[in-house]
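>>> Can you look at this prediction? I've put the sequence above it.
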Amino acid sequence: DSGVTQTPKHLITATGQRVTLRCSPRSGDLSVYWYQQSLDQGLQFLIQYYNGEERAKGNILERFSAQQFPDLHSELNLSSLELGDSALYFCASSATGETQYFGPGTRLLVL
Amino acid sequence: GIQVEQSPPDLILQEGANSTLRCNFSDSVNNLQWFHQNPWGQLINLFYIPSGTKQNGRLSATTVATERYSLLYISSSQTTDSGVYFCAVDNYGQNFVFGPGTRLSVLP
């Protein structure tokens, strides 16, 4: 158990809908990272937050947004969902920016 | 951006065998990690190793930063070692970039 929790574990929704994925980092970790793992794109970095502020942005679509709250948990919002958004979404946290610890992931299926 | 390659893409071993997985990267890095993704999808951190050598039980890793590669050694492999092994690098504040992975199958 990495200490990073993600909810929900599974999510099935329809095209055009909006969903919110939630992540709670390890106790004391200020950095939260979001990743997408799909069959055709592999593991891709989406966005990083550090203590509530956006720190780095990767291949994140404009339809996606994220935020980190004062209690350090983070949410990833995916809107106007398309079939191609079906993927495993991981959250990771880090204290020092060195070792990242990954949560169990949220498996999203868009029908 | 930085490119990460891993070899071999697939590896099938008999239980008890040893193996070496390789990660090549195209630029200098300040962070390199090895992960194991188990058959249930969980990503497990194995090593933080931007340079040097580390060992943890049957696993060890070596990164030669000047030559831009890292090696992961698995000795006396077990069926529970099966899964996909990823190398990921951070290029001094750039995004954390993952390699395509090596899929390992350990047969009983």
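Yes, it's here.
>>> Quick one: end-to-end length of stretch B:55-70, please.
Using CA to CA, to the nearest Å, one end of stretch B:55-70 lies 13 Å from the other.
>>> oh sorry, the question was meant for stretch A:1-12
Start-to-end span of stretch A:1-12 (CA to CA) is 25 Å.
>>> Now do that stretch: distance to the chain's middle.
10 Å (CA atoms, centre = their mean, to the nearest Å).
>>> Please spell out which residues along that stretch are buried.
A:2, A:4, A:6, A:11 (16 or more other CB atoms under 10 Å in any protein chain shown). C-beta coordinates here come from the backbone N, C-alpha and C atoms, glycine included.
>>> Nearest to chain B among these?
Comparing these against chain B with CB to the nearest CB places residue A:2 closest, at 7.4 Å.
>>> Enumerate every residue touching that closest one.
Residues in contact with residue A:2 (CB atoms under 8 Å, 6 or more residues apart in numbering or on different chains) are A:26, A:101-103, B:44-45.
>>> And the pLDDT for it?
As predicted, residue A:2 sits at a pLDDT of 85.
>>> Now the phi/psi pair for it, please.
Note on residue A:2: backbone dihedrals following degrees, to the nearest 10 are phi -80, psi -20.
>>> same thing with residue B:67?
Taking degrees, to the nearest 10 as the convention, residue B:67 sits at phi -110, psi 0.
>>> Give the burial count for residue 82, as a bare number.
Picking chain A for this. Residue neighbour count, defined by other CB atoms under 10 Å in any protein chain shown, stands at 12 for residue A:82.
>>> Chain B is the one I meant
Residue B:82 has 17 nearby residues by other CB under 10 Å.
>>> quick one: contacts for the closest residue to it other than its chain neighbours?
Leaving aside its sequence neighbours, residue B:82 sits nearest to residue B:106 (CB to CB, 6 or more residues apart in numbering or on different chains; 5.0 Å). Applying CB under 8 Å, 6+ apart to residue B:106 gives the contacts B:13-15, B:17, B:77-82.
>>> So which of those is the closest to residue A:38?
Set against residue A:38, the nearest of the contacts of residue B:106 by CB to CB is residue B:82 (21.7 Å).
>>> Buried residues in the helix or strand where residue A:43 lies, which are they?
Per DSSP states H and E, residue A:43 falls inside strand A:42-50. Of the residues in strand A:42-50, A:43-50 count as buried by neighbour count, 16+ other CB under 10 Å.
>>> so which of these also contact chain B?
A:43-45 (CB under 8 Å from any CB of the partner chain).
>>> Quick one: those as TSV, columns for pLDDT and distance to residue B:33 too.
Shown next, in TSV, are those (pLDDT from 0 to 100; distance: CB to CB, whole Å):
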residue	pLDDT	distance to residue B:33
A:43	91	12
A:44	92	16
A:45	91	13
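>>> Okay, strands next: where are they in chain B?
Taking DSSP state E as the criterion, chain B contains strands spanning B:4-7, B:10-14, B:19-25, B:31-37, B:43-48, B:52-56, B:59-64, B:69-74, B:83-90, B:96-98, B:102-107.
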